[in-house]
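*Asks:* below is the structure, and that's it, no one-letter string:
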């Protein structure tokens, strides 16, 4: 990797959260940004997540606000919560299409993509951007049982970075997490920033 390489981060928020939880640590997103700024010319750090409709406050909102103010391009989508035939509560909707479209739009302007997800649905996207000369690193983990990364995604990637190896660099112990009410007091309301948007690429 060259210091002049133009890189972009694509973070599947729900997938990264689940992977970090499986490994027993929280992501410090300020440290994550600094780590990848050291690895090249970081052009964009996209964070994708869904927000459930009709919920005045959810645990993701303080994080979304913080990221929006601290160097990330946050892409959110309202989604619906429903109860399936078995009586289980489920959320309908994902950010896969939004992430893939932006990655394809940027492919001509970047040298490397770091995809923070283990979801095998992204394999065709990796193949498509690789054909345009982009080097793709998948960030997930093989250390959990079962592994959090789909085998087909790991095989398609040019490189694989295990999140467990980044723990010392970008991790935060859960005991360091501030109470949610303190975060809310420090941040303006989500609506004031208009964070729920289409997530277009700002030039």
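*Replies:* Right, received. Where do you want to start? Everything quoted here is computed from the prediction, not taken from an experiment.
*Asks:* residue contacts, residue 170?
*Replies:* 27-28, 31-32, 35 (Cβ atoms under 8 Å, 6 or more residues apart in numbering). (C-beta placed from N, C-alpha, C; glycine too.)
*Asks:* the closest residue to it other than its chain neighbours: what secondary structure?
*Replies:* Distances taken as Cβ to Cβ, 6 or more residues apart in numbering place residue 32 nearest to residue 170, at 4.3 Å, with adjacent residues excluded. With DSSP: H, G, I helix; E, B strand; the rest coil as the basis, the three-state label of residue 32 is helix.
*Asks:* tell me where this protein has helices.
*Replies:* 13-23, 29-37, 60-69, 96-106, 123-131, 151-156, 163-170, 180-186, 190-193 (DSSP state H).
*Asks:* mind putting those in TSV, distance to residue 45 included?
*Replies:* Compiled in TSV, the helices of the chain are given as follows (distance: least, Cβ to Cβ, whole Å):
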stretch	distance to residue 45
helix 13-23	12
helix 29-37	6
helix 60-69	9
helix 96-106	12
helix 123-131	17
helix 151-156	20
helix 163-170	12
helix 180-186	20
helix 190-193	17
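*Asks:* ok, the residue nearest to residue 170 to residue 78 distance?
*Replies:* 26 Å (Cβ to Cβ, to the nearest Å).
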